[in-house]
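Engineer: Here's a sequence, model it:
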Amino acid sequence: MTTPRAMAMHILMQVARRAAFPDVLLDVYFKKHPALEARDRAFATELVYGVLRWQGRLDWIIDRYSRIVPKRMPLPVRVLLRLAAYQLLFLDRVPPAAAVHEAVELAKTSQPQHVVRFVNGVLRSIGREREALKTAGAEGTPAEQLAVRHSYPVWVVERWLRELGVEETEALCHAANQVAPTTIRTNTLKTTPGALATALRESGLSVEPGRFAPEALHLKAVRTDLSSLPEYARGEFQVQDEASQLVARLVDPRPGERVLDACAGMGVKSTHLAQLMGNRGEIVAMDSQGWKLTRLAENARRLQIPCLQTVEWDLLTHDQFGGRFDRVLVDAPCTGLGVLRRNPDIKWKVGPKDCRRLHLLQTELLGRAAELVRPGGVLVYATCTLTPEENEDTVQAFVVKHGDFFREDGRAILPPSCEDVVEKDGSLRTWPHRHGVDGFFAARLRRSDQESDRWAGGERKVGH
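Structural biologist: A predicted model of the protein is given here:
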């Protein structure tokens with residue numbers, strides 16, 4: 001039987017080498033080792049996500065004790081040192097001697113003896129000074145100091161400092177490093193939030209209602225695989241962050257309408273759209289990756305949502321797709337800097353050039369999606385990132401180019417509880433450090449029926 005440390009090492013190597021998704025890899029490993037105890041699964045998960053979350057700070061500490069030039073350190077050695085250093089510095093329940101011994105034993109399985117001695121020497125040095133290293137700070141610019149303290153790429157911190165200032169940037173860095181709470185969306189086609197909360201409490205879970213989304217429930221100190229619960233099997237809930245739940249609310253689909261989720265992925269928002277429509281009408285979930293649509297269809301069956309159909313299609317192809325829709329959602333590919341609590345590996349996968357590259361892609365996607373919106377219909381653009389280029393700038397570029405679309409104010413559509421997360425321009429905007437949810441952006445646009453429907457400035461507040 002593989003150990004949790006060996007499993008974590010293998011997963012971290014795959015993430016580093018080919019930008020694989022850690023949650024998917026963990027799921028694969030757990031299925032391969034069904035006899036693995038719950039505590040070992042939890043430990044492996046903690047190791048993988050902890051190392052990814054604190055990778056920047058771990059590397060800074062490792063390089064203080066390494067005689068090897070950072071760029072020349074072999075990746076397996078780097079990952080092994082990160083794994084052990086994380087246990088030494090962040091997991092008080094792991095005895096230092098055990099963390100060092102396990103790392104040395106792992107090194108022996110693949111590295112020559114001189115590398116094994118190197119690993120042992122670096123980790124013993126870190127172990128001796130572990131208490132001081134827990135609070136050690138870097139020199140340099142404010143951005144460099146914050147980047148090391150909170151484990152972020154310097155370019156991310158520099159951007160946040162320009163946009164938010166020092167105090168908010170530090171608060172955001174801290175909030176985005178927290179383990180995200182488990183939040184679920186009640187499937188109101190099957191039950192009510194109150195009834196579901198009662199049932200889950202009877203199963204021993206601590207449940208609190210959401211702050212913004214009516215269907216949201218927060219689960220505290222979850223030690224149970226939620227997919228093993230009878231309420232999950234019956235399709236009574238879907239795991240989904242509260243901010244994400246507000247996107248479908250902004251689309252505000254009505255029973256009997258034809259709705260397109262143009263970048264559906266695995267369809268969490270698609271199923272929410274169907275739920276808000278009372279399962280009456282037509283939801284088309286489109287994505288260019290068929291494996292995601294397979295997962296989407298399986299989930300739709302569990303939630304008992306027959307009005308949803310999947311279509312493998314690239315929105316950017318030149319072929320016209322099946323007519324027009326009453327409402328279209330473009331949940332666009334983005335840098336994902338708003339969901340670092342759940343996906344800390346994103347920190348190390350994206351760079352500053354990706355913001356501009358994705359802005360251009362998002363603008364093109366919106367332009368294609370606009371062709372599929374009927375006159376008088378609604379187009380909602382959403383991301384799970386925090387950069388102006390991918391959010392406000394993308395929407396503004398679209399509105400300037402498409403004079404038959406105008407913005408609508410989210411306050412007229414979202415529940416009253418959402419007043420704090422709607423910007424002055426009417427867009428939805430959530431922040432981990434301000435609102436305790438993932439960082440999302442969404443803007444709602446309507447296609448004009450008549451040219452006179454628009455203000456000369458291209459914006460107005462419209463009800464629904």
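Engineer: three-state assignment of residue 380?
Structural biologist: strand (DSSP: H, G, I helix; E, B strand; the rest coil).
Engineer: tell me the SS of residue 207?
Structural biologist: Assignment for residue 207 (three-state DSSP): strand.
Engineer: Tell me how many other residues surround it.
Structural biologist: 17 (other Cβ atoms under 10 Å). Placement of C-beta: from N, CA and C, glycine included.
Engineer: So for it, what's the nearest residue that isn't a sequence neighbour?
Structural biologist: residue 197 (4.5 Å; Cβ to Cβ, 6 or more residues apart in numbering).
Engineer: Run through the residues that contact the one you found.
Structural biologist: 207, 209, 217 (Cβ atoms under 8 Å, 6 or more residues apart in numbering).
Engineer: I'd assumed residue 340 was in contact with residue 346.
Structural biologist: Yes. Counting by Cβ atoms under 8 Å, residue 346 touches residue 340, with 6.0 Å between them.
Engineer: Who has more neighbours out of the two?
Structural biologist: More neighbours surround residue 340 than the other of residue 346 and residue 340, with 28 against 19 (other Cβ under 10 Å).
Engineer: from what I can see the more buried one touches residue 350, true?
Structural biologist: No. Between residue 340 and residue 350 there is no contact under Cβ under 8 Å: 10.5 Å.
Engineer: Run through the strands of the stretch 351-464 of the chain in chain order.
Structural biologist: 373-383, 405-408, 428-429, 441-447 (DSSP state E, counting those that start in this stretch).
Engineer: what helices or strands is the first one leaning on?
Structural biologist: Right, the one you point to is strand 373-383. Applying 3 or more Cβ pairs under 8 Å, 6 or more residues apart in numbering; DSSP states H and E, we find strand 373-383 packed against helix 242-251, strand 325-331, helix 352-370, helix 392-401, strand 441-447.
Engineer: One more: the third one?
Structural biologist: Applying 3+ Cβ pairs under 8 Å, 6+ apart, one finds that strand 428-429 makes contact with helix 242-251, strand 441-447.
Engineer: buried residues in the longest one?
Structural biologist: Pointing back at helix 242-251 there. 242, 243, 244, 245, 246, 247, 248, 249, 250, 251 (16 or more other Cβ atoms under 10 Å).
Engineer: and the gap between the third one and residue 141?
Structural biologist: To residue 141, residue 244 is 34 Å away according to Cβ to Cβ, to the nearest Å.
Engineer: thinking again about what came up before, can you list the buried residues of helix 242-251 in TSV and add pLDDT?
Structural biologist: Conversion of those to TSV gives the following (pLDDT from 0 to 100):
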residue	pLDDT
242	97
243	98
244	98
245	98
246	98
247	98
248	98
249	98
250	98
251	98
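Engineer: Next, give me the two most distant ones among these.
Structural biologist: Within the buried residues of helix 242-251, 242 and 251 form the most distant pair, 16.2 Å apart (Cβ to Cβ).
Engineer: Give me the distance from whatever helix or strand residue 57 lives in to the chain's centre.
Structural biologist: For residue 57, the host element (DSSP states H and E) is helix 55-65. Put simply, helix 55-65 sits 25 Å off its chain's centre (Cα atoms, centre = their mean, to the nearest Å).
Engineer: go on, stretch 286-299?
Structural biologist: Worked out by Cα atoms, centre = their mean, stretch 286-299 lies 18 Å from the chain centre.
Engineer: quick one: residue 264 is in a helix?
Structural biologist: No. Counting by three-state DSSP, residue 264 is not part of a helix but coil.
Engineer: Not counting residues beside it along the chain, what's closest to residue 363?
Structural biologist: Nearest residue to residue 363 in three dimensions, chain neighbours excluded: residue 397, at 5.1 Å (Cβ to Cβ, 6+ apart).
Engineer: thinking the one you found is in contact with residue 365, fair?
Structural biologist: No. Residue 397 lies out of contact with residue 365 (Cβ under 8 Å); the separation is 11.9 Å.
Engineer: For those two, indicate the residue with more neighbours.
Structural biologist: Comparing residue 397 with residue 365 by other Cβ under 10 Å, the one with more neighbours is residue 365, at 22 against 17.
Engineer: give the contact list for that one.
Structural biologist: Residue 365 touches 262, 263, 315, 316, 330, 332, 333, counting by Cβ under 8 Å, 6+ apart.
Engineer: need the helices for the stretch 51-200 of the chain, in chain order.
Structural biologist: 55-65, 75-90, 96-108, 113-128, 130-133, 142-150, 154-176, 193-202 (DSSP state H, counting those that start in this stretch).
Engineer: Any buried residues in the fourth one, and which?
Structural biologist: Across helix 113-128, burial judged by 16+ other Cβ under 10 Å covers 115, 116, 118, 119, 120, 122, 123, 126, 127.
Engineer: cool, the last one as well?
Structural biologist: The neighbour-count check on helix 193-202 (16+ other Cβ under 10 Å) flags 193, 196, 197, 199, 200 as buried.
Engineer: Just name the closest of the residues you listed to residue 304, please.
Structural biologist: Nearest member of these to residue 304, counting by Cβ to Cβ, is residue 196, at 15.0 Å.
Engineer: my guess is the closest one contacts residue 238, does it?
Structural biologist: No. Counting by Cβ under 8 Å, residue 196 does not reach residue 238; the two are 11.2 Å apart.
Engineer: re earlier: for residue 418, state which of the buried residues of helix 193-202 is nearest.
Structural biologist: Taking those together and measuring to residue 418 by Cβ to Cβ, the closest member is residue 193, at 16.3 Å.
Engineer: Name the residues that touch stretch 372-382?
Structural biologist: 247, 250-252, 260, 262, 321, 323-332, 362, 366, 369-370, 394-395, 398, 405, 408, 428, 440-449.
Engineer: coming back round to it: can you list the contacts of residue 365 in CSV and add distance to residue 293 and pLDDT?
Structural biologist: Below are the contacts of residue 365 laid out as CSV (distance: Cβ to Cβ, whole Å; pLDDT from 0 to 100):
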residue, distance to residue 293, pLDDT
262, 13, 95
263, 12, 95
315, 14, 89
316, 17, 89
330, 17, 98
332, 17, 97
333, 16, 97
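Engineer: In JSON lines, list the residues you listed along with neighbour count and distance to residue 358.
Structural biologist: Compiled in JSON lines, these are given as follows (neighbours: other Cβ atoms under 10 Å; distance: Cβ to Cβ, whole Å):
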{"residue": "262", "neighbour count": "24", "distance to residue 358": "16"}
{"residue": "263", "neighbour count": "21", "distance to residue 358": "12"}
{"residue": "315", "neighbour count": "22", "distance to residue 358": "15"}
{"residue": "316", "neighbour count": "11", "distance to residue 358": "13"}
{"residue": "330", "neighbour count": "25", "distance to residue 358": "13"}
{"residue": "332", "neighbour count": "26", "distance to residue 358": "8"}
{"residue": "333", "neighbour count": "15", "distance to residue 358": "6"}
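Engineer: out of those residues, who's nearest residue 145?
Structural biologist: When the contacts of residue 365 are ranked by distance to residue 145 (Cβ to Cβ), residue 333 comes first, at 32.0 Å.
Engineer: Let me see the contact set for the closest one.
Structural biologist: The contact partners of residue 333, by Cβ under 8 Å, 6+ apart, come to 263, 358, 361, 362, 365.
Engineer: got the phi/psi numbers for the first one?
Structural biologist: Listed backbone geometry of residue 263 is phi -130, psi 70, with angles given as degrees, to the nearest 10.
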